[in-house]
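> this one's structure only:
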């Protein structure tokens, strides 16, 4: 996939960076030479600087001396030291000794700035101590140089950050995507003082040029457009920034932006870059990939002026700027789309996620929904009409007061089971007995008068007395009947469903007052309350099941035997009264128990059963709005 196109003759630094580096290297070399006059007896010295690849020698003194190799070996073995170290390197002539001085220069955060190693000849301990002291004092200048360099880099970074923010603000100020993209390429052209900047979009595995700086139309330059698009494709295929240095940079080799520091130029294919450079007069070209949401979205191509060279630092800055501004452009592009395009794009995205790799959870959800929809479209369940139900007695016998009077004795009350002719209540009959004595006395009086009239043969008086005797006889029969009916008994075996006179002994009652209601045993019917919107579904002989609140663990079968035209209004809803016969019974059943009755209608799709209320409500609303 990749090939080596050449090697660089020298590392490609930006002009300021190159000058800074040359200044540092010369300063360290001068620092060593200067210390030959400060520290007596210096025979050799070397300064190591930290890089990404470790410590490398930057400046040397007397590399050809006989102790230089020993000094470098000593230094390389003690790179991990964090404090100065003194080691003997050998015995010299004239009673002098050679010592290796190893001094790591660190900043306040204990980070290594430089690693200094010196070989000195000394005659006494005092000279050795003096050499160490002078070396320690001199290394402070290395710290100053390092701090100055860091301060300069920080200042440059802050300046660049300010430029990035200014460009971002300029792009944000534009109202449309096209204007914002043109603003970006124009600002980049001005920022890097280059000839032209272009942006391309990557779609269907190829790049398409979208915007050029300082150019509203570029249709007539089709050959040049194709060359720029090929450069974009080449950059996107390799997925990293590419800096191609033309003949203006005195090189024919491409320099990868992330490897120019150490001179590694292998791995980039730059045929398209070279073709565009030659077409435009051997200029330097920098291409940057555009990433959006972790994916390649396009590329930026920056064309330098004659003699202009792109370096690693510039490429890094440009890539940082593009990464900052591109999400803003993407948002503007998305907002500029029509609602139809947004809908189509969102649909395509979701379909791609559903049918493509990954997104396992979404696929499982869709499959589950599809399975549920299939079941709802094919699953047939029994449709049962649910109604409120009340257990009633098939017949109800009322025990009423036979005449006006008072309660003398009550032997039963509601909830008691009674047998036929069992005494329920006995009325006070003292007034009736006195009334009976009165009429018996009247009867004896009339009998005497009748005998006297017969004795004198007074026919008219006899007829009058006969009539009076018949009246007295009728009154006596009435009183005897009332005395007999004063003891009220159960008409048949059953259950007293209402009436409690145990708290009313001695109280007055009027003729016709209902004292008790007696229901026969095991002879019940069900009263169903059916909504008026459901009454059309009920027919005679339909069966169902009754679930009572008092007996939830049992169910009772019933059959509809009568659909009445009677209605009841309950809480604003109209219900029809439907009667049904119980097909099963229980000793625990009592009249008045309430529950739910479910009448089997037919078999229907489950979705129709569960949504029938909603469908009817929607129909009513539609009829209300447009009917």
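Cool, got the structure. Keep in mind the model is a prediction, meaning the values are calculated, not measured.
> okay, and for the stretch 1-150 of the chain, where does confidence drop off?
Scanning the stretch 1-150 of the chain for pLDDT under 70 picks out 1-25, 90-95.
> where exactly do the helices run in it?
Per DSSP state H, counting those that start in this stretch, the stretch 1-150 of the chain carries helices over the ranges 15-38, 68-77, 125-173.
> distance between the last one and the chain's centre?
So that's helix 125-173. 49 Å (CA atoms, centre = their mean, to the nearest Å).
> just the helices of the stretch 1-150 of the chain: most buried one?
Comparing the helices of the stretch 1-150 of the chain by mean neighbour count (mean count of other CB atoms under 10 Å), helix 68-77 comes out on top with a mean of 18. Any C-beta I mention is one placed from the backbone N, CA and C, and that applies to glycine too.
> How about residues contacting that one?
Helix 68-77 has contacts (CB atoms under 8 Å, 6 or more residues apart in numbering) with 44-46, 48, 57, 60, 62, 87, 89-90, 100, 102, 115, 117-119.
> Would you state the strands of the stretch 351-500 of the chain in chain order?
For the stretch 351-500 of the chain, the strands defined by DSSP state E, counting those that start in this stretch occupy 380-393, 397-400, 405-410, 417-418, 423-427, 487-489, 494-498.
> Out of the ones you listed, the one nearest residue 583 is which?
Taking CB to CB, strand 380-393 is the member of those nearest to residue 583, at 13.4 Å.
> For that closest one, what is the distance to the chain centroid?
The answer for strand 380-393 is 41 Å, by CA atoms, centre = their mean.
> Any chance of the helices of the stretch 1-150 of the chain in JSON lines with distance to residue 580 as columns?
Shown next, in JSON lines, are the helices of the stretch 1-150 of the chain (distance: least, CB to CB, whole Å):
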{"stretch": "helix 15-38", "distance to residue 580": "99"}
{"stretch": "helix 68-77", "distance to residue 580": "105"}
{"stretch": "helix 125-173", "distance to residue 580": "76"}
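> Any idea which of the ones you listed gets closest to residue 551?
Among these, helix 125-173 sits nearest to residue 551 (CB to CB), with 73.6 Å.
> angle of the following helix or strand past that closest one against helix 125-173?
Where DSSP states H and E defines the elements, the next helix or strand beyond helix 125-173 is helix 177-192. On the basis of axes from the mean of the first three to the mean of the last three CA atoms, to 10 degrees, helix 177-192 is oriented at 150 degrees to helix 125-173.
> Quick check: buried residues in helix 177-192?
Neighbour counts using 16 or more other CB atoms under 10 Å place 177, 180-189, 191-192 of helix 177-192 among the buried residues.
> hang on, the earlier thing: the strands of the stretch 351-500 of the chain: which one's closest to residue 622?
strand 380-393 (23.8 Å).
> From the contacts of helix 68-77, pick the one nearest residue 138.
Looking across those and measuring by CB to CB, the closest to residue 138 is residue 118, at 10.2 Å.
> In the chain, where is pLDDT below threshold?
Checking the chain against pLDDT under 70 turns up 1-25, 90-95, 215-221, 247-268, 627.
> quick one: strands adjacent to the strand of greatest length in it?
Ranked by number of residues, the top strand in the chain under DSSP state E is strand 555-570. Neighbouring strands of strand 555-570 in its sheet, by DSSP bridges, are strand 543-548 (antiparallel), strand 573-582 (antiparallel).
> List the contacts of the shortest one.
Outside of strand 543-548, the residues that reach it under the criterion CB under 8 Å, 6+ apart are 384-385, 389, 391, 526, 554-560, 580, 582-583, 593-600.
> Please compute how far that strand lies from its chain's middle.
On CA atoms, centre = their mean, the centre of strand 543-548 falls 43 Å from the chain's centre.
> Helix, strand, or coil at residue 624?
Of the three states, residue 624 takes helix according to DSSP: H, G, I helix; E, B strand; the rest coil.
> Would you enumerate the residues in contact with residue 177?
329, 332, 333, 335, 336.
> Can you tell me the element the second one falls in?
For residue 332, the element it lies in under DSSP H and E is helix 312-336.
> tell me the residue furthest from the middle of this structure?
Centroid-distance maximum for the chain: residue 456 at 120.2 Å, with CA atoms, centre = their mean.
> for it, what are its contacts?
No contacts exist for residue 456 under CB under 8 Å, 6+ apart.
> Could you give the separation of stretch 603-621 from the chain centroid?
The answer for stretch 603-621 is 30 Å, by CA atoms, centre = their mean.
> if we can go back for a sec, select only the buried ones of the contacts of strand 543-548 in ChimeraX?
Applying 16+ other CB under 10 Å to these, the buried members can be selected in ChimeraX as follows:
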select :385,389,391,526,556,558,560,580,582,593,595,597,598,599
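> so how far is residue 280 from the residue found closest to residue 271 once you drop the neighbours it is linked to in the chain?
Once flanking residues are discounted, residue 271 sits nearest to residue 234: 7.1 Å by CB to CB, 6 or more residues apart in numbering. From residue 234 across to residue 280, the span is 16 Å (CB to CB, to the nearest Å).
> Please identify which of the two sits among more neighbours.
Shown here are residue 234 and residue 280; by other CB atoms under 10 Å, residue 234 has more neighbours (23 against 18).
> mind listing what's buried in the one helix or strand the residue nearest to residue 271 maps to?
Take DSSP H and E as the rule and residue 234 turns out to sit in helix 222-238. Residues 224-225, 227-236, 238 are the ones in helix 222-238 that count as buried (16+ other CB under 10 Å).
> Serialize these to TSV and add fields for distance to residue 320.
Listed next are the buried residues of helix 222-238 as TSV, based on distance: CB to CB, whole Å:
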residue	distance to residue 320
224	28
225	27
227	26
228	22
229	24
230	25
231	20
232	19
233	23
234	21
235	16
236	18
238	19
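> What is the nearest of those to residue 491?
Distances from residue 491 to the buried residues of helix 222-238, taken by CB to CB, are shortest for residue 236, at 102.5 Å.
> so who does that closest one touch?
Counted by CB under 8 Å, 6+ apart, residue 236 has contacts 202, 207, 289, 296, 298, 299.
> Likewise for residue 418?
So residue 418 contacts 412, 424, 490, 493, 494, 495, 496, 518 (CB under 8 Å, 6+ apart).
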